[in-house]
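In: missing the sequence, but the structure's below:
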């Protein structure tokens with residue numbers, strides 16, 4: 001294989017000492033960052049752990065990235081793939097995961113992480129006073145789903161029973177933005193559903209409980225969610241007026257990650273999935289506290305939902321995810337059609353939510369590990385066992401590795 005055939009990742013992300021730390025190189029990361037997006041100023045660069053002589057422009061603000069030199073390849077040759085399973089390769093991979101986990105724990109579990117979250121909140125409000133995307137509420141026979149764009153690319157959601165004027169919030173990271181929607185709609189917030197513990201999904205719990213007396217905070221107690229009042233287990237139900245949510249345990253991104261499925265039967269409309277950081281439009285979340293097999297089980301659980309179930313993800317990653325999907329399945333016509341629509345939406349700073357589970361099965365590579373076309377596109381993937389064909393978990397691991405190198409979301 002010639003050097004021209006190899007595709008180094010991280011192009012436009014690494015800058016030298018002499019350049020400005022806040023300078024953005026390559027496409028804008030807000031709203032997916034690809035062809036056709038606006039050139040708003042990107043987030044500042046952070047020092048790179050692995051290489052003190054460089055800084056890196058992170059894919060999302062306050063998310064550290066390892067700087068590899070030379071950069072890894074999106075499409076490695078078979079010899080390189082086998083080298084990863086050699087003893088030196090495994091030791092190196094384990095060291096990189098250890099460094100990343102140290103930084104992840106600092107962000108997710110300490111007061112330092114909370115202070116960084118507050119700083120992110122302030123910058124997002126300054127750069128996007130009206131939110132990072134224009135959203136369109138959906139109304140289904142008296143049930144209203146209102147996406148709320150918060151931070152740099154997050155979504156919170158307000159689900160309203162218009163008959164009883166009762167509302168449920170999902171992942172309210174910015175309490176000011178969520179409370180403004182509550183007051184504008186003239187409803188009472190009675191419950192908060194948290195998918196997981198990260199500050200960009202649970203940071204507003206305390207303030208919203210203070211402003212809305214009697215508001216309950218639901219979530220998985222294994223995840224250490226801030227200000228949790230009502231622990232949930234797998235398949236527990238939460239009812240508010242005509243709103244009936246089922247909590248499903250979907251570990252992988254974090255140990256106690258949960259998704260929430262709004263049953264469409266009581267209001268004779270489509271069911272809605274609020275997926276947090278497990279499933280995005282054409283993507284899935286990074287595997288922080290689990291294994292590829294754990295994440296695969298969670299994705300398989302989601303695939304068991306009805307094809308007409310609406311997908312409301314926790315982030316606006318659609319354009320970047322579809323761009324990556326084009327690398328692994330360039331001949332997928334469903335992906336190409338969706339990409340054209342998403343690019344038009346993002347040109348106008350419009351939200352790409354919702355998708356449907358049926359749509360995702362046609363172009364989301366993380367839901368297609370059972371497809372022969374995807375297996376052939378990834379090429380031979382030798383595992384620790386030798387020449388045996390790769391398992392679906394091994395395919396998911398390889399997809400997630402390539403996605404992490406493509407752009408760290």
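Out: Alright, I've got the coordinates. All of these numbers come straight from a predicted model, not from anything done at the bench.
In: Look at residue 31 and report its pLDDT.
Out: Residue 31 carries a pLDDT value of 38.
In: which residues touch residue 357?
Out: Residue 357 makes contact with 273, 302-303, 305-309, 311, according to C-beta atoms under 8 Å, 6 or more residues apart in numbering. Where you see a C-beta, it was placed from the backbone N, CA and C, and this is true even at glycine.
In: Tell me where the model's unsure across the chain.
Out: 1-111, 381-389, 407-409 (pLDDT under 70).
In: all helices of it, in order?
Out: Taking DSSP state H as the criterion, the chain carries its helices at 78-84, 87-109, 111-127, 175-185, 199-202, 205-211, 292-303, 318-328, 333-347, 357-363, 372-378, 392-406.
In: Selecting buried members of the contacts of residue 357 in PyMOL, what would you type?
Out: Typed into PyMOL, the line below selects the buried ones among these, using 16 or more other C-beta atoms under 10 Å:
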select buried, resi 273+302+303+305+309+311
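In: sorry, back to before: please identify the deepest-packed of the helices of the chain.
Out: helix 199-202 (a mean of 26; mean count of other C-beta atoms under 10 Å).
In: now for that helix, which elements pack on it?
Out: Counting contacts by 3 or more C-beta pairs under 8 Å, 6 or more residues apart in numbering; DSSP states H and E, helix 199-202 is packed against helix 111-127.
In: Next, the angle from the helix it packs on to helix 175-185.
Out: Angle, helix 111-127 to helix 175-185, by axes from the mean of the first three to the mean of the last three C-alpha atoms, to 10 degrees: 50 degrees.
In: helices and strands around helix 111-127, which ones?
Out: helix 87-109, helix 199-202.
In: how does it look with 10 Å?
Out: Contact partners of helix 111-127 among helices and strands, from 3 or more C-beta pairs under 10 Å, 6 or more residues apart in numbering; DSSP states H and E: helix 87-109, strand 143-150, helix 175-185, helix 199-202.
In: shouldn't residue 292 be in contact with residue 396?
Out: Yes - using C-beta atoms under 10 Å, residue 292 is in contact with residue 396, at 4.7 Å.
In: so what sits against both of the two?
Out: 252, 369 (C-beta atoms under 10 Å, 6 or more residues apart in numbering).
In: coming back round to it: in a markdown table: the helices of the chain, plus distance to residue 193.
Out: Shown next, in a markdown table, are the helices of the chain (distance: least, C-beta to C-beta, whole Å):
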| stretch | distance to residue 193 |
| --- | --- |
| helix 78-84 | 39 |
| helix 87-109 | 19 |
| helix 111-127 | 19 |
| helix 175-185 | 12 |
| helix 199-202 | 10 |
| helix 205-211 | 11 |
| helix 292-303 | 16 |
| helix 318-328 | 23 |
| helix 333-347 | 26 |
| helix 357-363 | 19 |
| helix 372-378 | 32 |
| helix 392-406 | 26 |
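In: So which of those is nearest residue 221?
Out: For those, proximity to residue 221 was assessed by C-beta to C-beta; helix 199-202 is nearest, at 13.1 Å.
In: about what we covered before: who wins for proximity to residue 238 among the helices of the chain?
Out: helix 205-211 (15.4 Å).
In: residues in contact with the closest one?
Out: For helix 205-211, the external contacting residues (C-beta under 10 Å, 6+ apart) are 169, 171-176, 178-179, 182-183, 189, 192, 194, 204, 215-217, 219, 225-229.
In: which of these are buried?
Out: Members of those classed as buried by 16+ other C-beta under 10 Å are 169, 171-175, 178-179, 182, 189, 192, 194, 204, 215-217, 219, 225-228.
In: quick one, phi/psi of the closest residue to residue 203 other than its chain neighbours?
Out: Nearest non-adjacent residue to residue 203, counting by C-beta to C-beta, 6 or more residues apart in numbering: residue 173, 4.6 Å away. When quoted as degrees, to the nearest 10, the phi and psi of residue 173 stand at phi -80, psi -30.
In: Does residue 173 touch residue 201 like I think?
Out: Yes - under the criterion of C-beta under 10 Å, residue 173 makes contact with residue 201 at 5.7 Å.
In: which residues are common contacts for the two?
Out: With C-beta under 10 Å, 6+ apart, residue 173 and residue 201 have common neighbours 150-151, 154-156, 194, 314.
In: got a winner among those residues for most neighbours?
Out: Comparing these by number of neighbours (other C-beta atoms under 10 Å), residue 194 comes first, having 30 neighbours.
In: That one and residue 223 touch, don't they?
Out: Yes - contact criterion C-beta under 10 Å: residue 194 and residue 223 qualify, at 8.1 Å.
In: my guess is residue 282 contacts residue 341, does it?
Out: No - counting by C-beta under 10 Å, residue 282 stays clear of residue 341, with 11.9 Å between them.
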